[in-house]
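>>> any chance you could fold what I've pasted below:
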Amino acid sequence: MTIPKEVREALGIRVGDYLNVYVDDRGRIVMEKVEPVRRTLRTGRLLTPEEIEELVSRGLGESIAGGGD
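Numbers count the residues shown, from 1 in each chain. Coordinates of the predicted model:
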């Protein structure tokens with residue numbers, strides 16, 4: 001979706017930003033910038049490439065299944 005420059009500037013959004021778009025009770029289209037919630041991983045140690053791959057695979061599985069929210 002292409003959003004006009006004036007609207008992007010008013011909302012403070014850039015390419016890749018998340019938006020919540022809905023129709024309000026008056027029939028107007030409303031767009032709100034949403035800050036994504038990202039889980040962080042703190043292991044206290046370096047991870048091996050295999051461990052990183054496993055964590056990414058698990059995270060993708062949760063996301064596809066709807067459990068990543």
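>>> please make it C-alpha for all contacts and neighbour counts, starting now.
OK.
>>> what is the neighbour count of Lys33?
15 (other Cα atoms under 10 Å).
>>> give me the secondary structure label for it.
Secondary structure assignment for Lys33 (DSSP: H, G, I helix; E, B strand; the rest coil): strand.
>>> quick one: contacts for the closest residue to it other than its chain neighbours?
The shortest distance from Lys33 to any non-neighbouring residue, by Cα to Cα, 6 or more residues apart in numbering, is to Leu19 (4.6 Å). By Cα atoms under 8 Å, 6 or more residues apart in numbering, Leu19 lies in contact with Met31, Glu32, Lys33, Val34.
>>> helix or strand for Leu19, just tell me which one.
Using DSSP states H and E, Leu19 maps to strand 18-23.
>>> so how far is that strand from its chain's centroid?
12 Å (Cα atoms, centre = their mean, to the nearest Å).
>>> same check on stretch 45-64?
Distance of stretch 45-64 from its chain centroid, counting by Cα atoms, centre = their mean, is 18 Å.
>>> alpha carbons only: can I get it in CSV?
These are the backbone C-alpha positions of stretch 45-64, laid out as CSV (Å, rounded to 0.1, in the frame of the first residue of the first chain):
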residue,chain,number,x,y,z
ARG,A,45,26.8,-16.8,27.1
LEU,A,46,27.7,-16.9,23.4
LEU,A,47,25.5,-19.1,21.2
THR,A,48,26.7,-21.6,18.6
PRO,A,49,25.4,-21.2,15.1
GLU,A,50,23.4,-24.4,15.6
GLU,A,51,21.7,-23.0,18.7
ILE,A,52,20.8,-19.8,16.9
GLU,A,53,19.3,-21.8,14.0
GLU,A,54,17.2,-23.9,16.5
LEU,A,55,15.9,-20.7,18.2
VAL,A,56,15.1,-19.1,14.9
SER,A,57,13.2,-22.3,13.7
ARG,A,58,11.3,-22.4,17.0
GLY,A,59,10.4,-18.7,16.7
LEU,A,60,9.2,-19.1,13.1
GLY,A,61,7.1,-22.0,14.2
GLU,A,62,5.5,-20.0,17.0
SER,A,63,4.8,-17.1,14.6
ILE,A,64,3.2,-19.3,12.0
